[in-house]
Each structure stands twice: as structure tokens, then as C-alpha cells.
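Chemist: Kindly return the folded structure for what I paste below:
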Amino acid sequence: MAQGNSDLGEQALSKAVEMGLSTQLDAVETLETEIRTDPVALMQGQLESVAIQGQGLVIKEDLRTEALAVKTDGIAIDPLKAALGDIELTRPTNATVAAKLTEADIERACNSDYIQQKLQDLEVTVEDRPVRLRVQQVKVSLPGDGRVAIATDIQRLDSGEQQHVAFTTTPTLAPEGYQVVLSEVDLGEDNTSAPLTESLLSAAKDLLDLRQFSLSGMTLHVDRIDVLEKYINLQAKAQLEKFPGS
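Modeler: As a prediction, the model looks like this:
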């Protein structure tokens, strides 16, 4: 809810935004919205800013952020609809986004239905020939120093052979600002197939798309990714075409 000495108009709009966001979330621990405006500006359809902070936000059942903060620039809205609690943007607005993901959040995303459906019959090229794979439960840890450790068991569907893939890597951002690139790959001592690992990393490019974490009406461009011990911080710019849930 809005805090401080916000007037009734700010409080009502803040509540409307919270309710709209809630329709996009499968679970939430805390969610607070603070809108800044004044009665004259509101009558003209102008909001100074909107700030949203949340913890434990879950979208698409398994995509969770430990913490999320969104702060917008000035916003133009339809004042008549706003009087009825409906926040409709009359032009796109810019925002900054900061998100924190824990080890458990990232592992949960890797094992989500969205990702697992793509990993159950995955075609890769191994030693110049196509091979279909089934990837089992993925384990993720963040040891620090900008590294991510990943381990999983893989079954070759052509032979039924099982292989163990384990490696550490440094995630970086591709220039377009939404794709994660895995570089500086070091194989774990228990890795049983270097060629299979290389092929899997190549195929994983299509899966490491941060746009999965976007809400409806939001376009993300990630500026920075900081991989720390136990968690990852993301900083992004966003363009809002509409408020989520509106």
C-alpha cells in the first residue's frame, strides 16, 4: 500500500496497481506500491512516478524473484478511467527494474515446466551427428567470484546411455540485453562427457532468455548482471505499454 501522507487519490491508485499486479502473479510474499501525484495533476492524467517493491514474487508457477523493485518516470494516464480505479496508460513510460534471484530461484526456474518441456526431447549435435537427449533434474549453485555451477544427468534417447554433466561458468549479457551467454566453462571432475557438455551449452542459448521474467505489458532490456555468492542481482531498463493486469 502507499505509505506516508499520500492523499486518498494516491492510495486508491496504488491499491488499483497492486490488484492489477496480483492478477499476473501466482504467489507473492509482500507487495507495496507508492504513487506520487497531486489532485491537479491527477485531473490532467499525470502521475509523477510509480514505485513498486515486492518479495517472493512468482510468475508462470516456477519463475520466482526473491526481491523486485520497479520505479517509473512520469506517467500519462486516462483520468476518467483512473477515477474508477482503472490505470490505463495513454503513452508508453520508462522504468528501472532491479531484481534479486537466489540459488533456489534459479534452480527452480531451470526445473520449471517451461524449461523442462524443452529439455525432454532436446536435439544436439555430438561428433557431427544429431543426438536426442533427455535432461534430468538440474542442480544450480552460486559459489561466488561471478561463477555459476550446474550439474545434471542426461540420457541419450538413441542408446539409453546415461551421462553426468557438471561444469562451472561465468554468465555475461549479450549486447541485445536479454540473453545470457555462458563463457569460461570449466568441466567438473565428475563430468563424464566433454562433447555432450559442449553440445548442451550450445543448445542452451535459446533457453537463457531473461524475457521469461517480464510481466504482461513490459519490455525488458537488462543492463547488468552481478553473480554473487548465493544470489544474482539484475538491473534493467523497461518500457511499459500498459500496467500489468490492467
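Chemist: where does this protein dip in pLDDT?
Modeler: Scanning the chain for pLDDT under 70 picks out 1-8, 205-207, 212-215, 244-246.
Chemist: all helices for it, in order.
Modeler: 8-22, 39-43, 79-83, 103-110, 113-119, 194-203 (DSSP state H).
Chemist: now the last one: how far from the chain's centre is it?
Modeler: This means helix 194-203. Put simply, helix 194-203 sits 24 Å off its chain's centre (Cα atoms, centre = their mean, to the nearest Å).
Chemist: And for the third one?
Modeler: Once both centres are worked out by Cα atoms, centre = their mean, helix 79-83 turns out to sit 31 Å from its chain's centre.
Chemist: if we can go back for a sec, okay if I get the helices of the chain as TSV plus distance to Glu229 and mean neighbour count?
Modeler: Quick note: C-beta positions are derived from backbone N, CA and C, even for glycine. Written out in TSV, the entries for those read as follows (distance: least, Cβ to Cβ, whole Å; neighbours: other Cβ atoms under 10 Å):
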stretch	distance to Glu229	mean neighbour count
helix 8-22	30	18
helix 39-43	44	14
helix 79-83	44	15
helix 103-110	9	19
helix 113-119	24	15
helix 194-203	23	17
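Chemist: Ser141 is nearest to which of these?
Modeler: helix 103-110 (5.8 Å; Cβ to Cβ).
Chemist: now the residue nearest to Leu187 when sequence neighbours are not counted, which residues is it bridged with?
Modeler: If the residues on either side of it in the chain are set aside, Leu187 comes closest to Phe167, at 5.1 Å by Cβ to Cβ, 6 or more residues apart in numbering. Judged by DSSP bridges, the bridge partners of Phe167 are Ile150, Leu187.
Chemist: I'd like to know how many residues surround Asp73.
Modeler: Residue neighbour count, defined by other Cβ atoms under 10 Å, stands at 13 for Asp73.
Chemist: From Ser49, how far off is the closest residue to it other than its chain neighbours?
Modeler: Across the structure, with Cβ to Cβ, 6+ apart as the measure, the residue nearest Asp73 apart from its sequence neighbours is Asn94 (4.8 Å). Distance of Asn94 to Ser49, given as Cβ to Cβ, to the nearest Å: 11 Å.
Chemist: shared neighbours, these two?
Modeler: Residues touching both Asn94 and Ser49 (Cβ atoms under 8 Å, 6 or more residues apart in numbering): 72-73.
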